[in-house]
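> just to be clear, the model below is a prediction. Sequence and coordinates:
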Amino acid sequence: MENIFLINSNIHQESKLKKEEFLERVRNVKKIRVSEIERNFFPQEPSEWEILEELHKAVNNGLFKFGIQGHKIFALEINDDLYNWFLNNELQTIQKQVINWIAAVYLSRPDLKEYFEDAIYAPVLLEAKRVIDNFYSRNYIKKYEFLFENVRLFDEAFNGEKDILKKEKFEEFEKLNSSKIETLYNERGMEYFNASLKYINCPPPNFLKNPIEESNAILFDDYGLKYSQRIKIKLAYFNESDWTFIVERDKNKAREFYSHSIKSGILRESDIDRMIEESEWDTLERAESDKNFWDKWLFSYRNYEKTNSFMYKLIDDNSSKGLVYIIRQRNTNYFKIGYTEQKNNMTEKQSVETRIASLQTGNPEPLDIIGYFKVSGTKTEKTLHSHYESKRRTGEWFLLSEKDWQNILNDDWRINNNIF
């Protein structure tokens, strides 16, 4: 699984500085503070629900807030599965998929109803109950009560103190009832899928494991939630002190920041002035700081106007890899130097043959494949056209000698001429 690195391209606006001025203020920084943030898909407080909207804004609009008091967010790192989920879908779709998952969690453990009522963020719980009432079986608890017994035995065997007899009891129960358990789990699993289709008009995402299909998709113990899928991201940030002293360099704000220390005599105003001066050279090399994050942010931030992208890419590779081919009009010295993409489900030869078949239509003379080779992009074809411009007859057709076309197909000749 690949991680996607996104930058806050408007970070300078929060300091009311122009971009050039902002870069000048942070010119000596070598690293940036990084913290890992985890939020639950089983939201127990507002921030665990609101992060869905915050991530949707960050991925789609490059807006970085996250409600962390005193922090200025420069960048975030997120795995590509989550990134694509937020990128490709409306926020409401994502929120409803999570609500449906919570509804399924709620139904999966009727014995924990009191815990759920107390733990789940109230507005989310109300919507989950509405989904249950409208899109799940009316007799759900009775229909699947046999599975609840299976879960109860599982919890007794594996949660809390280990008990060999309870483990054996659970294993015996599963062995005797394996067929029935499998059938019921399959039926119950489809409740989650079908509810999603009715509620949202789309299936649930793969990484939100179906909590009513398998008993261990989400786990609880005597203290409540033990395991669940989680949103994990990393944030690169300046804390309030970094921002005040390195970026803003405002003496009044700096004195306000340390007002308690000044009043208590720990610091003098002259100390604050000295700290601001010294902060100009602060590299931010702290225990929690990371050079890789800073370098990625700085590179993407400096080049934002060229790329118009807040995703880090060292090389903006939009080139289309493919094949340059040479075909000959039979019994002539007329050759076509062409380009075609290599199709995913075809070999190189099949890709070229497919292209030639389309060219043969309308051409009275048979066309023969002379050769082909891999190229890094479409510019290779254009470069060869320019190289043989004096021999061009029409379009991509050239009057070539045997030596000419042999050179084109020769790796050493292309390397010596820097044609790749």
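Good, I have the coordinates. Numbering: from 1, shown residues only.

> could you look up the SS state of Gly377?
Secondary structure, DSSP: H, G, I helix; E, B strand; the rest coil: Gly377 is coil.

> quick check: it vs Glu348, distance?
Relative to Glu348, Gly377 is positioned 16 Å away (CB to CB, to the nearest Å). For the C-beta atoms, the positions are set from N, CA and C on the backbone; glycine is no exception.

> kindly report the same for Trp49.
Noted for Trp49: a distance of 51 Å to Glu348, by CB to CB.

> the two - which one has more neighbours?
More crowded of Trp49 and Glu348, by other CB atoms under 10 Å: Trp49, with 20 against 16.

> can you tell me the SS state at that one?
On the basis of three-state DSSP, Trp49 is classed as helix.

> for stretch 3-16, buried residues please.
Of the residues in stretch 3-16, Ile4, Phe5, Leu6, Ile7, Asn8, Ser9, Ile11, His12, Glu14, Ser15 count as buried by neighbour count, 16 or more other CB atoms under 10 Å.

> what average pLDDT does it get?
Averaging pLDDT along stretch 3-16 gives 95.

> for stretch 65-84, same thing?
91.

> can I assume Gly362 sits in a strand?
No. Gly362: not assigned to a strand; according to three-state DSSP it is coil.

> could you report the neighbour count for it?
There are 6 residues near Gly362, going by other CB under 10 Å.

> again, but for the one 4 residues further on
When neighbours are counted by other CB under 10 Å, Pro366 registers 10.

> please tell me how far it sits from Thr332.
11 Å.

> now do the strands in this structure.
For the chain, the strands defined by DSSP state E cover 3-7, 32-40, 72-79, 219-221, 224-227, 230-238, 289-290, 322-329, 334-341, 367-375, 392-394, 397-399.

> angle of the first one against strand 230-238?
Counting by axes from the mean of the first three to the mean of the last three CA atoms, to 10 degrees, strand 3-7 lies at 40 degrees to strand 230-238.

> repeat that for the second one.
Per the same axes, to 10 degrees, the angle that strand 32-40 makes with strand 230-238 is 160 degrees.

> return the set of buried residues in strand 32-40.
The neighbour-count check on strand 32-40 (16+ other CB under 10 Å) flags Ile32, Arg33, Val34, Arg39 as buried.

> distance of Gly189 relative to Leu107?
From Gly189 to Leu107 the distance is 12 Å (CB to CB).

> got it, and Tyr199?
According to CB to CB, Tyr199 and Leu107 sit 14 Å apart.

> who's more crowded, those two?
For the pair Tyr199 and Leu107, the greater number of neighbours falls to Leu107 (24 against 18), based on other CB under 10 Å.

> check that one and give its pLDDT.
pLDDT at Leu107 comes out at 90.

> contacting residues around it?
Ile132, Tyr136, Tyr140, Ile141, Glu191, Ile212 (CB atoms under 8 Å, 6 or more residues apart in numbering).

> the fifth one: neighbouring residues, count only.
Other residues within reach of Glu191, judged by other CB under 10 Å, total 21.

> what of the third one?
Applying the criterion other CB under 10 Å, we find 15 residues in the vicinity of Tyr140.

> wait, it touches Glu187, no?
No. Using CB atoms under 8 Å, Tyr140 is not in contact with Glu187; the gap is 10.9 Å.

> what distance do you get for Ile415 to Ser401?
21 Å.

> go on, Ser35?
In terms of CB to CB, Ser35 sits 66 Å off from Ser401.

> same check on Lys72?
Relative to Ser401, and taking CB to CB, Lys72 is found at 65 Å.

> these two: which is more packed in?
Lys72 (18 against 11).

> give me the phi and psi for the residue of the chain most remote from its centre.
Computed with CA atoms, centre = their mean, the residue of the chain farthest from its C-alpha average is Asn331, at 54.9 Å. Note on Asn331: its backbone torsions stand at phi 60, psi 20 [degrees, to the nearest 10].

> show me the contacts for the residue nearest to it when sequence neighbours are not counted.
If the residues on either side of it in the chain are set aside, Asn331 comes closest to Glu365, at 7.6 Å by CB to CB, 6 or more residues apart in numbering. With contact set as CB under 8 Å, 6+ apart, Glu365 has these partners: Gln329, Arg330, Asn331, Thr332.

> by pLDDT, give me the weakest of those.
Ranking the contacts of Glu365 by pLDDT, Asn331 lands last with 90.

> distance of that one from Asp368?
Asn331 is 10 Å from Asp368, by CB to CB.

> repeat for Tyr258
Applying CB to CB to Tyr258 and Asp368 gives a distance of 82 Å.

> ok, these two, which is more surrounded?
More crowded of Tyr258 and Asp368, by other CB under 10 Å: Tyr258, with 17 against 13.

> backbone dihedrals for the residue nearest to that one when sequence neighbours are not counted, please?
In space, and not counting its chain neighbours, Tyr258 is closest to Leu267: 5.5 Å by CB to CB, 6+ apart. Here is the backbone geometry of Leu267 (degrees, to the nearest 10): phi -120, psi 150.
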